[in-house]
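>>> Coordinates for the following, if possible.
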Amino acid sequence: MHRITHRMAATLGWVAVFMVVALVGGTAKADWFRDKVDENIAHFVEVFNAGDASALAGLYAEDAKLMPPGSSVVEGRAAIEEFWGGVFGIGEVSLTLGTSEAHNNGTLGYSVGDYTLSIQPAEGEPMADEGKFIIVWKRGPTGRWELAVDIWNTNLSPSG
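From the prediction side, this is the model:
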């Protein structure tokens, strides 16, 4: 039988402390990114629901790609602003987004979630959609996390 000396016990104690700190630190880092994504998503929803295409486009990277369903890729901040301006021109919008996961490697990250969208045109019947999205995030030149690639698609069956 081996005997644990006082020195060995102290060493094992410090190893345990370092392991806990490493585990908690890793979790805190992951939680930090998730918190940042949730904060950015909340701001995105606020600006979207205000119908401000310029402010919304400002959340995207200069070279971002928007990948709307049933449409070609929209590339660059100016084109993204024009796209969202067209959406807002249809009528009053209401968007909710929920994030189910978010991961990053320090310079790139992604988030996965779901959305609900309703549009009340000035004239005509209301439109509604629900679906899922993936956003690729990247650190911009100022260190802010920007939308680099934004893609979503509906959960609803095509009408026909």
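
>>> can you give me the strands for the protein?
Taking DSSP state E to define them, one finds strands in the chain at 60-67, 74-75, 91-104, 108-121, 127-139, 145-154.

>>> which regions of the protein sit below the pLDDT cut-off?
Across the chain, the ranges flagged by pLDDT under 70 are 1-30, 160.

>>> Once you drop chain neighbours, what's closest to Tyr60?
Once flanking residues are discounted, Tyr60 sits nearest to Leu147: 4.6 Å by C-beta to C-beta, 6 or more residues apart in numbering. In this view, the C-beta of every residue, glycine as well, is placed from N, C-alpha and C.

>>> can you pull up the bridge partners for Ile119?
When assigned by DSSP bridges, Ile119 has beta-bridge partners Val93, Met127.

>>> when you give positions from now on, start the count at 19
With 19 as the first residue, the last one maps to Ile137.

>>> which other residues reach stretch 171-178?
87, 147-151 (C-beta atoms under 8 Å, 6 or more residues apart in numbering).

>>> Recalculate using a threshold of 7 Å.
Stretch 171-178 has contacts (C-beta atoms under 7 Å, 6 or more residues apart in numbering) with 87, 147-150.

>>> What of stretch 106-126?
51-52, 55-56, 59, 62-63, 66-67, 69, 71, 105, 127-140, 154-157.

>>> What remains of the residues you listed if I keep only buried residues?
Those of those that meet the buried threshold are 51-52, 55-56, 59, 62, 66, 69, 71, 105, 127-129, 131, 133, 135, 137, 154-157, by 16 or more other C-beta atoms under 10 Å.
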